[in-house]
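Visitor: Predicted model follows, preceded by the sequence.
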Amino acid sequence: MDFLTFKSFISIEVLIGFYYLGAVLMPFVAWYLVAWLTNKYDAAKLAYKIGKNVLWNQLSFSQKLRLVFLFGVTFLFMQLFWRMLFEFLIAYMQIRDALIQP
């Protein structure tokens, strides 16, 4: 009953499980969503193809390499932000537990 009335919180282990689930699944879900949107809507598919062809043909090899590096760094920052979000939630729960215990 304490769980249903929010007198006790979900455990830290559950948060850690959700962290790993999100860290592994989120990139695949994002990729699938983009693929689904470009396949579902013809305008999105056309815009994607034209944009990709125009951009990719205009860039030199070093610019393409920098773009891939930029996407990699962006991915790492998103993963770092996800980690920091869960660290904040876990720290909050630990602080709450420390304050409530007699």
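Guide: On my side now, so go ahead.
Visitor: Counting neighbours, what do you get for residue 90?
Guide: 14 (other CB atoms under 10 Å). (C-beta placed from N, C-alpha, C; glycine too.)
Visitor: Any buried residues in stretch 39-57, and which?
Guide: In terms of neighbour count (16 or more other CB atoms under 10 Å), stretch 39-57 has its buried residues at residue 48.
Visitor: quick one: contacts of that stretch?
Guide: With contact meaning CB atoms under 8 Å, 6 or more residues apart in numbering, stretch 39-57 is reached by 37-38, 64.
Visitor: Name the single longest helix found in the chain.
Guide: Among the elements of type helix in the chain, defined by DSSP state H, the one spanning the most residues is helix 61-100.
Visitor: Show me what that helix packs onto, helices and strands only.
Guide: In this structure, helix 61-100 makes packing contacts with helix 12-40, judged by 3 or more CB pairs under 8 Å, 6 or more residues apart in numbering; DSSP states H and E.
Visitor: chain center to the helix it packs on, what's the gap?
Guide: Centroid separation for helix 12-40 versus its chain: 7 Å, with CA atoms, centre = their mean, to the nearest Å.
Visitor: How about stretch 92-99?
Guide: Average the C-alpha atoms of stretch 92-99, do the same for its chain, and the two points are 26 Å apart (CA atoms, centre = their mean).
Visitor: what mean pLDDT would you report for that stretch?
Guide: For stretch 92-99, mean pLDDT rounds to 88.
Visitor: To what extent is residue 86 buried, counted in neighbours?
Guide: Taking other CB under 10 Å as the criterion, the count of residues near residue 86 is 17.
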